[in-house]
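Enquirer: model this:
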Amino acid sequence: MKVFIVYCHPSEDSFTRHMRDAFIKGVTDVGHEYILSDLYKMNFKTDMSEEEYLRDAYYRNSPDPAADVLAEQEKVNASDAIVFIYPVFWTEAPAKLVGWFDRVWTYGFAYGEKTMKTLEKGLVLCSAGNPRERLESLGLLDSMKKVMLGDRLFNRVKEADFIVFDNTSREFGLREENWDQNLEKIYELGKNLFAGLK
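Expert: Numbers count the residues shown, from 1 in each chain. Next up, the predicted model:
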């Protein structure tokens, strides 16, 4: 089976990069395939053009989406699952990933007269500098889940989950203390992504 990984982090010197690598190792160690879109390395264009905006605003199927958008849509439809790996920036995904949704989740693909296949699984793996308790007490974790699972993934996947790895700020000692066990969890998530699916 095949997973499409949408990875978004501006630096290779990050815990999130290690998350990506551990997840990919888990996926490949059990014989599954993956496609990776590294949005920063690709220099993915995230600002909608006026033409793109008007196409979606008026619920039109034309003009055809740009070539870079079509390439991402093809990756989605060539996969059985989609996984987003990114750091939390101001209670949200990085702007580059938000822009990916703005441009790739077009009318006629992700909604309206949909050509996007319904994927078996959707998974969000994000690193957060703040402790989980703070994110929960302020309602921020719930907000992030609602946006990613309730809006962006919604009925586009059969099964979805949102997992946050907290205390990853360099100021917290727990970042180093939990490093290995967090990466082991991520590796296992990769290994078991398609568990129970044929």
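
Enquirer: where does the chain dip in pLDDT?
Expert: 168-176, 198 (pLDDT under 70).

Enquirer: can you map out the strands along it?
Expert: Applying DSSP state E to the chain gives strands spanning 2-7, 33-38, 81-87, 119-127, 157-165.

Enquirer: Need the winner for burial among those.
Expert: By mean neighbour count, with neighbours taken as mean count of other Cβ atoms under 10 Å, strand 81-87 ranks first of the strands of the chain at a mean of 24. The way it works is simple: take the backbone N, C-alpha and C, and place the C-beta from them, glycine included.

Enquirer: for this structure, what's the longest helix?
Expert: helix 15-29 (DSSP state H).

Enquirer: Which strands and helices lie in contact with that helix?
Expert: strand 2-7, strand 33-38, strand 81-87, strand 119-127, helix 179-191 (3 or more Cβ pairs under 8 Å, 6 or more residues apart in numbering; DSSP states H and E).

Enquirer: Mind doing that once more with 10 Å?
Expert: Where contact means 3 or more Cβ pairs under 10 Å, 6 or more residues apart in numbering; DSSP states H and E, helix 15-29 is packed against strand 2-7, strand 33-38, strand 81-87, strand 119-127, strand 157-165, helix 179-191.

Enquirer: Dump these into JSON lines; add distance to Asp13 as well.
Expert: Below are the helices and strands packed on helix 15-29 laid out as JSON lines (distance: least, Cβ to Cβ, whole Å):
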{"stretch": "strand 2-7", "distance to Asp13": "15"}
{"stretch": "strand 33-38", "distance to Asp13": "15"}
{"stretch": "strand 81-87", "distance to Asp13": "12"}
{"stretch": "strand 119-127", "distance to Asp13": "13"}
{"stretch": "strand 157-165", "distance to Asp13": "17"}
{"stretch": "helix 179-191", "distance to Asp13": "14"}
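
Enquirer: Apart from its neighbours in sequence, what residue is nearest Leu140?
Expert: Thr91 (4.9 Å; Cβ to Cβ, 6 or more residues apart in numbering).

Enquirer: I'd assumed Lys146 was in contact with the one you found.
Expert: No: assessed by Cβ atoms under 10 Å, Thr91 is found out of contact with Lys146, at 11.3 Å.

Enquirer: Need the residues touching each of those two.
Expert: Gly139 (Cβ atoms under 10 Å, 6 or more residues apart in numbering).

Enquirer: what are the C-alpha coordinates of stretch 63-82, in CSV please?
Expert: C-alpha atoms of stretch 63-82 as CSV (Å, rounded to 0.1, in the frame of the first residue of the first chain):
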residue,chain,number,x,y,z
PRO,A,63,-9.6,26.7,-16.0
ASP,A,64,-7.6,23.6,-15.1
PRO,A,65,-5.5,23.9,-11.9
ALA,A,66,-1.9,24.8,-12.3
ALA,A,67,0.6,22.0,-13.0
ASP,A,68,2.1,22.0,-9.5
VAL,A,69,-1.5,21.6,-8.0
LEU,A,70,-2.3,18.8,-10.4
ALA,A,71,0.9,17.0,-9.4
GLU,A,72,-0.1,17.1,-5.8
GLN,A,73,-3.7,15.9,-6.6
GLU,A,74,-2.3,13.0,-8.5
LYS,A,75,-0.2,12.0,-5.5
VAL,A,76,-3.3,12.0,-3.4
ASN,A,77,-5.2,9.8,-5.8
ALA,A,78,-2.2,7.4,-6.2
SER,A,79,-2.2,6.7,-2.5
ASP,A,80,-4.2,4.8,0.1
ALA,A,81,-3.5,7.2,3.0
ILE,A,82,-2.3,10.7,3.6
